[in-house]
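A.B. asks: Sequence and predicted structure are below.
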Amino acid sequence: MKMETKKEVFTRYKDEYYKAKVTKGRGKTLTKIIDTVENVIDMGRKSIIRSFCSGLI
């Protein structure tokens, strides 16, 4: 998968991820978002979390 495509996936879910991080009961929502991204771009969970938290995307 191209890097551009990965960035598109991350930008699509970035806002949803950040909104879920600040809400109460966020565990299930974050898990769902990470699972979706994991299935689409075939990356590890920790790598996905690092990518969201680093702010580079």
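C.D. replies: Okay, I see it.

A.B. asks: Would you mark the buried spots in the longest helix seen in the chain?
C.D. replies: With secondary structure taken from DSSP state H, the chain has its longest helix at helix 3-22. Neighbour counts over helix 3-22 (16 or more other C-beta atoms under 10 Å) mark Lys6, Val9, Phe10, Tyr13, Lys14, Tyr17, Ala20 as buried. Placement of C-beta: from N, CA and C, glycine included.

A.B. asks: Going by secondary structure, the residue most central in space within the chain is in what exactly?
C.D. replies: Most central in the chain under C-alpha atoms, centre = their mean is Ile34, positioned 5.1 Å from the mean C-alpha point. Element membership of Ile34, judged by DSSP states H and E, is helix 27-41.

A.B. asks: Remind me what that helix packs against, helices and strands.
C.D. replies: helix 3-22, helix 45-54 (3 or more C-beta pairs under 8 Å, 6 or more residues apart in numbering; DSSP states H and E).

A.B. asks: That helix: how far from the chain's middle?
C.D. replies: When C-alpha coordinates are averaged (C-alpha atoms, centre = their mean, to the nearest Å), helix 27-41 and its chain have centres 7 Å apart.

A.B. asks: likewise stretch 14-24?
C.D. replies: Between the centre of stretch 14-24 and the centre of its host chain there is 10 Å, according to C-alpha atoms, centre = their mean.

A.B. asks: Same question for stretch 42-52.
C.D. replies: Put simply, stretch 42-52 sits 7 Å off its chain's centre (C-alpha atoms, centre = their mean).

A.B. asks: can you pull the buried residues of that stretch?
C.D. replies: Buried residues in stretch 42-52 (16+ other C-beta under 10 Å): Met43, Ile48, Ser51, Phe52.

A.B. asks: could you dump that stretch to CSV, C-alpha only?
C.D. replies: The C-alpha coordinates for stretch 42-52 follow below in CSV (Å, rounded to 0.1, in the frame of the first residue of the first chain):
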residue,chain,number,x,y,z
ASP,A,42,-2.5,-3.9,7.7
MET,A,43,-0.4,-2.3,10.4
GLY,A,44,0.1,-3.3,14.0
ARG,A,45,-2.1,-1.7,16.7
LYS,A,46,0.7,0.0,18.5
SER,A,47,2.0,1.5,15.2
ILE,A,48,-1.5,2.9,14.5
ILE,A,49,-1.8,4.4,18.0
ARG,A,50,1.7,6.0,17.6
SER,A,51,0.8,7.4,14.3
PHE,A,52,-2.4,9.0,15.6
